[in-house]
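# sequence-free structure coming up:
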């Protein structure tokens, strides 16, 4: 266990908002979220730093059942982002 001087008001607010049963759970969750957020902030810095393989074919990697024409034959959908009347979902 580590002894830390923690702002009681911050801890109480985080404890109330997080709905955790103990202050320890609140601190653990807060630290996990802090670490995750910091890692996510570093992602854009890596853009452009990876080597691009021009031979990579993402369509081939999807497999032979992917093509839109094969899906139309099965009646899965018609066109991009369009649904046939039987597939319409009600808006909630």
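Done, it's in. Since we're looking at a predicted model, the values are computed, not measured.
# I'd like to know how far residue 20 sits from residue 27.
9 Å (C-beta to C-beta, to the nearest Å). In short, each C-beta sits where N, CA and C put it, glycine included.
# for the lengthiest helix in the chain, name the packing helices and strands.
Across the chain, the longest stretch assigned as helix under DSSP state H is helix 23-42. The helices and strands touching helix 23-42, judged by 3 or more C-beta pairs under 8 Å, 6 or more residues apart in numbering; DSSP states H and E, are helix 8-18.
# can you pull the buried residues of the helix it packs on?
Under the neighbour-count criterion of 16 or more other C-beta atoms under 10 Å, helix 8-18 has 14, 15 buried.
# that helix to helix 23-42, inter-axis angle?
Relative orientation of helix 8-18 and helix 23-42, computed by axes from the mean of the first three to the mean of the last three C-alpha atoms, to 10 degrees: 80 degrees.
# using the three-state scheme, assign residue 6.
coil (DSSP: H, G, I helix; E, B strand; the rest coil).
# and for it, nearest residue in space, chain neighbours not counted?
Sequence neighbours aside, residue 27 is the residue nearest to residue 6 in space, at 7.7 Å (criterion: C-beta to C-beta, 6 or more residues apart in numbering).
# so for that neighbour, what's the pLDDT?
Here the pLDDT value assigned to residue 27 is 94.
# in the longest helix of the chain, what counts as buried?
Those would be 26, 27, 30, for helix 23-42 by 16+ other C-beta under 10 Å.
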